[in-house]
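In: need the 3D shape of this:
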Amino acid sequence: MPRTKSTAAEKTAPAKKTASKKTAAAKETAAVKEAPVKADAPAKAEAPAKKASEKVVTKIQFGECEYDVAEIVEKAKADYKANNKAAVKSLNVYIKPEDSAAYYVVNDNVTGKVDL
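Out: Here you go, the predicted structure:
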């Protein structure tokens with residue numbers, strides 16, 4: 001078979017096809033990104049999700065005694081507020097059932113004790 005000479009246009013033709021495929025894909029991607037919102041679709045206002053109120057009760061049982069942690073925390077806050085004017089920013093409570101007491105630290109510098 002005789003060989004034919006290929007022209008410069010034939011040599012670059014495959015390159016143009018792949019380039020045109022890439023360009024078409026880029027245009028399609030851009031069209032998807034810029035797709036306008038349909039005007040005939042009514043805008044629906046979504047109601048805020050209702051959070052289920054969850055009540056957690058934490059108790060400590062020691063021997064024959066039972067202590068409610070929320071009550072102990074409230075006692076510690078009340079004791080602090082009775083003796084101090086500064087707001088409670090942080091509260092650490094340490095419960096010692098064997099002493100029948102809870103020790104607290106408010107704002108990392110004020111300590112106190114409440115009876116259980």
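In: what is the burial count for Glu98?
Out: When neighbours are counted by other Cβ atoms under 10 Å, Glu98 registers 7. Backbone N, C-alpha and C define where each C-beta goes, glycine included.
In: then it would be within a helix, right?
Out: Yes. Judged by DSSP: H, G, I helix; E, B strand; the rest coil, Glu98 forms part of a helix.
In: could you list which residues are in contact with it?
Out: Neighbouring residues of Glu98 by Cβ atoms under 8 Å, 6 or more residues apart in numbering: Phe62.
In: just Gly63 next, same as before
Out: Per Cβ under 8 Å, 6+ apart, neighbours of Gly63: Pro97.
In: which residues in the protein form strands?
Out: Counting by DSSP state E, the segments of the chain that form strands are 59-62, 65-68, 91-96, 101-106, 110-115.
In: in the second one, what's buried?
Out: It stands for strand 65-68. Neighbour counts using 16 or more other Cβ atoms under 10 Å place Tyr67 of strand 65-68 among the buried residues.
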